[in-house]
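Q: model this:
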Amino acid sequence: MTWDGTFDPGAFGPRDGSLVIHNLRSIVTGRLGEPPMTARALRIEAGRIVAIDDDGGQADVMIDAQQAVAIPGLIDTHSHVVFGDYSPRQHVIGWIESYMHGGVTQVMSASEVHLPGRPTDRAGVKALAVAAQRAYATYRPGGVKVNGGSVICEPVLTREDFVELAEAGVRLMKVGFGAFNDPSAASVQVKWAQEVGFVVMSHSGGASIPGSSPITVDHLLAMQPDIAGHVNGGTTALPDQDVVRLIDQSEMALQLVQAGNLRSALHILRTARQRGALSRIILGTDTPSGTGVMPLGLLKTVVELASLGGLKASDAIALATGNAAKVLRVPEGILGVGCPADLVLLQEPYGGTQAEPLASIEFGDIPAIAAVVIDGHIRALKSRNTPAPSRPLEVSGARPR
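A: This next block holds a predicted model:
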């Protein structure tokens, strides 16, 4: 039987049962520099990959991939979540679930800064972070894993506050929207947050919204966050010459975003490759924002960096998967035995000029998403946002919506 719609979430639970994907063209592991594997099958049990190139026989659900390429689910490292599947900035409902149809299986909050009436007092800043972390810990729009609750760095926060937040489960912080006259003064809070295990991301470049401030390379080097956010602009990029200083004088990840400056993104990519720092490049959309809501934003960035930046498609994908997972310290982002089964099946688009999806990416075409799987749970077949796949998948053992 062939289906082309989305599945009822009850059809195949995320933590039970078995799923076999066979008749694959290849597998992109998500590891930078690693070419696609010629493996033809994946076996998934209890939400994890248990075998590659060995389907192990029958399963509760079987997918004939029709020569699709399996890649890790994309990780958006700069996403403006607030609460639920709603964007106050653009008044859009259902955007996270729509991003899943763009191949995104996990997002990182860039702080809940777009909350109307956002509190700035000590108690309110902490409460907002804890509430968002708690909400997204049990709520997954479209199955997408949301790393929510990124505390906004404010001068009122103390060392004890970061200990308290860490104990409450908050592990992210965003610098760039607090009431600091000099952004470098946030260095103290950055150090306190990192000491208790936070991943710290800082704004960089020109001011993005009223109430924020430009953050220069000197500010970044003084603070030493884990991630220099949208170095290609969110929306205004850092000066070209400052990228070399960031690479040479720090170990921070360099984030390229779809909502930024494409020319700068390509310059930063070239510079990172020349200086052996490609492993530090991660990708995000920096949306929803003034740029809008972009369900295909992360996939589009992958295509642009491959087709215009000269990367192999598998390496461009690694920037949005394995590289991102390493920086965020999460187990997803890699396709390998024992890894969480978060993956996307790609085909060349119907009517396209290229013979397979990785070639389509390198040519500059958005590939067709034929399926999205999160924790072994089929979340979508035939994306509603990408072009149609050349061949519909054949699925047995599950019931369609």
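
Q: list the buried residues in the longest helix belonging to the chain.
A: Assignment by DSSP state H gives helix 122-137 as the longest helix of the chain. Neighbour counts over helix 122-137 (16 or more other Cβ atoms under 10 Å) mark 125, 126, 128, 129, 130, 132, 133, 135, 136 as buried. Bear in mind the C-beta positions are built from the backbone N, C-alpha and C, glycine included.

Q: likewise stretch 164-183?
A: Across stretch 164-183, burial judged by 16+ other Cβ under 10 Å covers 165, 170, 171, 172, 173, 174, 175, 176, 177, 178, 180, 183.

Q: a markdown table for those residues, including secondary structure and distance to residue 316?
A: Shown next, in a markdown table, are those (DSSP: H, G, I helix; E, B strand; the rest coil; distance: Cβ to Cβ, whole Å):
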| residue | secondary structure | distance to residue 316 |
| --- | --- | --- |
| 165 | helix | 35 |
| 170 | coil | 32 |
| 171 | coil | 28 |
| 172 | strand | 25 |
| 173 | strand | 28 |
| 174 | strand | 26 |
| 175 | strand | 28 |
| 176 | coil | 27 |
| 177 | coil | 30 |
| 178 | coil | 34 |
| 180 | coil | 35 |
| 183 | helix | 31 |
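
Q: from the residues you listed, which is closest to residue 383?
A: Nearest to residue 383 among those: residue 172, at 28.3 Å, using Cβ to Cβ.

Q: distance check, the residue lying closest to that closest one once chain neighbours are set aside against residue 71.
A: Distances taken as Cβ to Cβ, 6 or more residues apart in numbering place residue 150 nearest to residue 172, at 3.8 Å, with adjacent residues excluded. When distance is defined by Cβ to Cβ, to the nearest Å, residue 150 is 26 Å away from residue 71.

Q: more crowded one of the two?
A: Between residue 150 and residue 71, residue 71 has the larger neighbour count (other Cβ atoms under 10 Å), namely 30 against 27.

Q: hmm, back to that, show me what the longest helix of the chain is packed against.
A: Contacts defined by 3 or more Cβ pairs under 8 Å, 6 or more residues apart in numbering; DSSP states H and E place helix 122-137 against strand 150-152, helix 159-167.

Q: quick one: mean pLDDT over it.
A: Confidence over helix 122-137 (mean pLDDT, whole number) is 97.

Q: what does it contact?
A: Helix 122-137 is touched from outside by 81-84, 109, 112, 115, 118-119, 146-152, 154, 156-158, 161, 164-165, 168-170, with contacts defined as Cβ atoms under 8 Å, 6 or more residues apart in numbering.

Q: hmm, back to that, so which of the buried residues of helix 122-137 comes closest to residue 343?
A: Comparing those against residue 343 with Cβ to Cβ places residue 136 closest, at 21.3 Å.

Q: could you measure that closest one against residue 314, distance?
A: Residue 136 sits 30 Å away from residue 314, going by Cβ to Cβ.

Q: quick one: the strands in the stretch 301-401 of the chain?
A: Here the stretch 301-401 of the chain has its strands, by DSSP state E, counting those that start in this stretch, at 343-347, 368-374, 377-381, 394-396.

Q: the second one pairs with which strands?
A: The strands beside strand 368-374 in its sheet (DSSP bridges) come out as strand 343-347 (antiparallel), strand 377-381 (antiparallel).

Q: ok so, going back, next SSE after the longest helix of the chain?
A: Scanning forward in sequence from helix 122-137 by DSSP states H and E, the next helix or strand is strand 145-147.

Q: as JSON lines, the helices and strands packed on helix 122-137 with distance to residue 25 would be great.
A: Formatted as JSON lines, the helices and strands packed on helix 122-137 follow (distance: least, Cβ to Cβ, whole Å):
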{"stretch": "strand 150-152", "distance to residue 25": "38"}
{"stretch": "helix 159-167", "distance to residue 25": "44"}
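
Q: which of these sits closest to residue 289?
A: Across the helices and strands packed on helix 122-137, residue 289 has its closest neighbour in strand 150-152 (15.0 Å, Cβ to Cβ).

Q: so which elements touch the closest one?
A: Applying 3+ Cβ pairs under 8 Å, 6+ apart, one finds that strand 150-152 makes contact with helix 122-137, strand 172-175.

Q: again, 10 Å this time
A: Here strand 150-152 touches strand 104-109, helix 122-137, helix 159-167, strand 172-175, strand 199-202, going by 3 or more Cβ pairs under 10 Å, 6 or more residues apart in numbering; DSSP states H and E.

Q: chain center to the third one, what's the gap?
A: A distance of 26 Å separates the C-alpha centroid of helix 159-167 from that of its chain, computed with Cα atoms, centre = their mean, to the nearest Å.

Q: again, but for the last one
A: Shown here is strand 199-202, whose average C-alpha point lies 15 Å from the average C-alpha point of the whole chain (Cα atoms, centre = their mean).
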